[in-house]
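1. predicted model, plus sequence, below.
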Number of protein chains: 2
Amino acid sequence: MSNPINNTREVKSDLEIAQAAQMQHISKIAAKLNISEDELELYGKYKAKLPLHLIDDSKVNANNLVLVTALTPTPAGEGKTTISIGLTEGLNKIGKQATAVLREPSLGPVFGIKGGAAGGGHAQVVPMEDINLHFTGDFSAIEKANNLLAALIDNNIQSKARSLNIDPRTVIWKRVIDMNDRTLRDIVIGLGGTPNGIPRQDGFNITAASEIMAILCMSTDIADLKRRLGNIFIGFTFDKKPVYARELNAEGAMALLLKDAIKPNLVQTLEGNPAIIHGGPFANIAQGTNTIIATKMGLSLSDYVVTEAGFGADLGAEKFLNIKCVAGGLKPKAMVIVATIRALRHHGGAPANELNTPSCDRVRKGFENLAKHIENAQKFGLNPVVSINNFISDTEEEVVLLQSLCAELGVKAVPTKAWAMGGDGAMSLAQAVVEEVESNNNNFKQLYDHNLGVKEKIETIAREIYGADGVDFSKQALADIKKIESLELDKLPICMAKTQKSFSDNEKLIGRPKGFTVTVREFEIAAGAGFIIPILGKMMRMPGLPAVPASEGMDIDENGVITGLS
Amino acid sequence: MSNPINNTREVKSDLEIAQAAQMQHISKIAAKLNISEDELELYGKYKAKLPLHLIDDSKVNANNLVLVTALTPTPAGEGKTTISIGLTEGLNKIGKQATAVLREPSLGPVFGIKGGAAGGGHAQVVPMEDINLHFTGDFSAIEKANNLLAALIDNNIQSKARSLNIDPRTVIWKRVIDMNDRTLRDIVIGLGGTPNGIPRQDGFNITAASEIMAILCMSTDIADLKRRLGNIFIGFTFDKKPVYARELNAEGAMALLLKDAIKPNLVQTLEGNPAIIHGGPFANIAQGTNTIIATKMGLSLSDYVVTEAGFGADLGAEKFLNIKCVAGGLKPKAMVIVATIRALRHHGGAPANELNTPSCDRVRKGFENLAKHIENAQKFGLNPVVSINNFISDTEEEVVLLQSLCAELGVKAVPTKAWAMGGDGAMSLAQAVVEEVESNNNNFKQLYDHNLGVKEKIETIAREIYGADGVDFSKQALADIKKIESLELDKLPICMAKTQKSFSDNEKLIGRPKGFTVTVREFEIAAGAGFIIPILGKMMRMPGLPAVPASEGMDIDENGVITGLS
């Protein structure tokens, strides 16, 4: 998480703050959720996996699910994870029993530019080092399940004995690795002669972009996991019949590899409140939220669950509400939209070097973006609370202006200082969220019926959420729709793959663009995860490393003390 | 582990036996080693990592290290792991406090033909499923450290900003994956244009074949680990200067990824005795034994440590004694050579379909092979005990013959029924081992001085251990020796890469071949692990899957019950 305080005074790094924390044994955190130590599968003293039988469906919608999302973000992000953790601390401070339910960070980007993803400042989950590195092995298990299927596919292509007659040119299943490694994006495999298989073009995605990750996050139990794994669409035979993972008898062994990964991970916040961290699918080409199992686990164990959805609300929240909530039978009771004055200045036209320069004019203009996100929340039956993630460059005038603009839409905007102060900085936000929940004014409804046609579903999202005039479909996209219909997958929900930088598919259209259309170039199929993915731009599935990778500054000493993680 | 009982009566599978075991909480096992629960890093209830500070150098050579090795094996293997576990049970049964210290199985082969590697029958380590799958994540961490270095290399080749001027054609560092995936043996990476890096030929090895695995097993602490990681030789610059991992500032982040993997894993045997399982390097191209840290940990905590070295004694034991014991300052007090009547029949000329046919003539003839291994042990100052791993097809006459042949060499040969009976079947073996240890007749000495020249070291091994008349060096090998000398790596010990099927480099020469020479075709350099590898044949570093992969029979049900692992 980037540092919201500017450089005029010295501040501790996230790692230093995390390392200074006095962690409690995880059994103490579990006790707050009435989980006995015997139920825990410990991973050291500060991490534990939770057994699935603790999920109690009768409690899931009796308790309160709070979704944290954001306005259209700047490249640095607006601090959703930090606010989610801070809000959890704040709720506990005002006497509500609350648990944060969040995504697991990806390992690859830790060594690149981005750094980890366990919150920031005084609103973090700990042990930060472990969460950002291998954690409890979930990503690694997903990687193995993904790559077992890949090996089985190429093994079937190689072995004439029990050939499924797979056409290697049609295989869409890629291998994955949790590493930023650009040279693996586009490769040729199977070289070197007969013993080494049939040569074909292939590539590696980063593990978080694997459909297995999306499947794990969409599954409700082991049987559902196996069903979804078996449904993975691999490609076609030479006589153009679709091939699924179940035809390779792959789903049993893949589920076996995921036997522990399916169990949610319990850790703690800096203030010793429970945090469940589980699953981490890409937000640009998948649903981008933690597992359904983790959300239901949190709701089974605590009065309030705070969760987040990746990128801006047009992407993350839309998918959370139309895909995850529908599949999991979840009904959020409140929504928080994180906004920063910096991002409003950006949407108001501030160039990159003036994001820290106060300007009420730009905030007023930039508010158009936030207003559209607020309007969208209301279309889902939710009246959001705006959390103003405070930066030191914010002026009183700008904050008051933002509050009055929100008030005109019937929405509270609450300054939040979770990064600097932890729960103390988020008590007002917590209070506002509780008031929304207790008002009973939030009645979640999905935006579209999954049984509509593919085009109709996409058009609904584009018009209602993005504010587009319509949707153009490329020739390829139209052909893909025919394919999807012939595979009888057209009743699946839509998982939009679009830039997070704009409501439109053109990242330059900041603020609240009008009079535009979006173009679906092509589709991807995630038959196992259970959605179809319209591609509205170039999607990155394998990041690269920068010229000076963050890994160069990392070290561990003889006593196991770590430096250089961020 | 293959089933030593033939198919005339129904027997339980390894998995069924393991699942029927009443496991104790790992803290109870730790208590047997006087480790308090607070010292344990639990991974669930039945696995734990041990902190490095429990190693006590003063105890390492005061206690008793027993090496289990084998005669030249048949393809099915002779049961070293089963005997090692059985011997540990047997030692505890006769009142000695003993711990098994073993290698971790590789995940990839579990889905192929071979099955797992946690012992067999009634001599297993448990929880068998976890040990054979992700266990505590060590292999995965090694994979990540390996692949981070690979990504850093290609990133440096791509980024002109801080280029080390690496010549992509000379890069010897491969990526790894713990999967049997033949199509990744020979690949081309970096395709797709400028953003995707510089195209070059590459390939994946299986994770166990990574030099990182060898390094982890050779390291004595975190500082030593970092030093070895920094010493990894990557390739050359365009102006022919060697490049090492430390020039990429890679060793800190790599060590960070290995912060938990460096800690040994405690599990239990079926009879509730301690087993430390840690590290699993390939035995054909690396040292093939568990970590030095695990062996020292075991010796710090118990009177007897039983450990094994891969393949036959000419490969595994030779490397164990000349590389690992020297680097770790270890002095074995006894050696067990596992023999089967089947393998003696094989070396006596029995064709594959007559291995179960009794024949005293063949046993007598085949004994030549075992006799040479006994002779070799004596060259190391060790008087071995032969463990006759009993199969149902063995006849009394053959066993008595083998015992009398061994007795002529001053060696006890003890029938062992660990597979069928656990510790009860290995008490006589345990007694014989204790007698050898207490006799003080075992005075380990290394075979060659590491400071000898490369050729001289190889010739010593070939003449003394293999019984060769001499060593031929190919033109390539001679050039490689020059390169090794110019890199000042010629004082490193030798890690032979040779077929395990013969004392020679020709797998057809069974028994005790004479009048042969071996040929070093080329060398590999493991500057980080700290040895040079003469290649005497084609070495497999990436297995493939069979036409019907074992994964097809694997499943997990709603209650988490696993079937189909073997």
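-> Structure received. Numbering: from 1, shown residues only, chains lettered A, B, ... in the order given.
2. buried residues of the helix or strand hosting residue A:476, list them for me.
-> In this assignment (DSSP states H and E), residue A:476 forms part of helix A:475-486. For helix A:475-486, the buried set under the neighbour-count rule, 16 or more other CB atoms under 10 Å in any protein chain shown, comprises A:477, A:480-481, A:484. C-betas here are computed from N, CA, C, even on glycine.
3. any idea of the mean pLDDT for it?
-> Taken as a whole, helix A:475-486 carries a mean pLDDT of 97.
4. elements contacting it?
-> helix A:454-461, strand A:522-526 (3 or more CB pairs under 8 Å, 6 or more residues apart in numbering or on different chains; DSSP states H and E).
5. which strands and helices lie in contact with the next helix or strand after the first one?
-> As assigned by DSSP H and E, the chain's next helix or strand after helix A:454-461 is strand A:470-473. If contacts are counted by 3+ CB pairs under 8 Å, 6+ apart, strand A:470-473 sits against helix A:454-461, strand A:517-520.
6. what lines up beside strand A:470-473 in the sheet?
-> Note on strand A:470-473: by DSSP bridges, its sheet partners are strand A:517-520 (parallel).
7. show me what counts as buried in the strand it pairs with.
-> Per 16+ other CB under 10 Å, strand A:517-520 contains these buried residues: A:518-520.
8. dump that strand to PDB, restricted to CA.
-> Extracted in PDB, the C-alpha atoms of strand A:517-520 (Å, rounded to 0.1, in the frame of the first residue of the first chain):
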ATOM      1  CA  THR A 517     -20.100   3.000 -26.700                       C
ATOM      2  CA  VAL A 518     -17.900   0.100 -25.600                       C
ATOM      3  CA  THR A 519     -16.600  -2.600 -27.900                       C
ATOM      4  CA  VAL A 520     -16.500  -6.300 -27.100                       C
END
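9. off-centre distance for that strand?
-> 23 Å (CA atoms, centre = their mean, to the nearest Å).
10. same check on stretch A:486-503?
-> 16 Å.
11. could you do stretch A:180-188 as well?
-> The answer for stretch A:180-188 is 24 Å, by CA atoms, centre = their mean.
12. so for the helix or strand where residue A:253 lies, what gets flagged as buried?
-> Element membership for residue A:253, per DSSP H and E: helix A:251-257. Buried residues in helix A:251-257, counting neighbours by 16+ other CB under 10 Å, are found at A:251-257.
13. nearest to chain B: which residue in the stretch 351-500 of chain A?
-> residue A:499 (17.5 Å; CB to the nearest CB).
14. pretty sure that residue sits against residue A:510.
-> No: look at residue A:499 against residue A:510 with CB atoms under 8 Å: they stay out of range, at 11.0 Å.
15. how about low-confidence regions in the stretch 1-150 of chain A?
-> Of all residues in the stretch 1-150 of chain A, those with pLDDT under 70 make up the ranges A:1-10, A:114-116.
16. could you pull out the helices for it?
-> Using DSSP state H, counting those that start in this stretch, the helices of the stretch 1-150 of chain A run over A:14-20, A:26-32, A:57-60, A:80-93, A:128-132, A:138-158.
17. okay, the ones you listed in a markdown table with distance to residue B:120 and mean neighbour count next?
-> Compiled in a markdown table, those are given as follows (distance: least, CB to CB, whole Å; neighbours: other CB atoms under 10 Å in any protein chain shown):
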| stretch | distance to residue B:120 | mean neighbour count |
| --- | --- | --- |
| helix A:14-20 | 45 | 19 |
| helix A:26-32 | 36 | 18 |
| helix A:57-60 | 43 | 13 |
| helix A:80-93 | 48 | 30 |
| helix A:128-132 | 35 | 23 |
| helix A:138-158 | 24 | 26 |
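18. can you put those in a markdown table and add distance to residue B:425?
-> Below are the helices of the stretch 1-150 of chain A laid out as a markdown table (distance: least, CB to CB, whole Å):
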| stretch | distance to residue B:425 |
| --- | --- |
| helix A:14-20 | 51 |
| helix A:26-32 | 41 |
| helix A:57-60 | 50 |
| helix A:80-93 | 56 |
| helix A:128-132 | 42 |
| helix A:138-158 | 36 |
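19. nearest to residue B:346, out of those helices?
-> Residue B:346 lies closest to helix A:138-158 among the helices of the stretch 1-150 of chain A, at 30.4 Å (CB to CB).
20. rounded mean pLDDT for the helix holding residue A:253, please.
-> 97.
21. of the helices and strands packed on strand A:470-473, which is nearest residue A:526?
-> helix A:454-461 (13.8 Å).
22. show me what the closest one is packed against.
-> For helix A:454-461, the packing partners by 3+ CB pairs under 8 Å, 6+ apart are strand A:470-473, helix A:475-486.
23. mind putting those in a markdown table, distance to residue B:85 included?
-> What follows is the helices and strands packed on helix A:454-461, written out as a markdown table (distance: least, CB to CB, whole Å):
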| stretch | distance to residue B:85 |
| --- | --- |
| strand A:470-473 | 63 |
| helix A:475-486 | 54 |
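24. the stretch 101-250 of chain A: strands as residue ranges?
-> A:119-120, A:123-126, A:175-177, A:187-189, A:200-202, A:204-206, A:233-236, A:242-244 (DSSP state E, counting those that start in this stretch).
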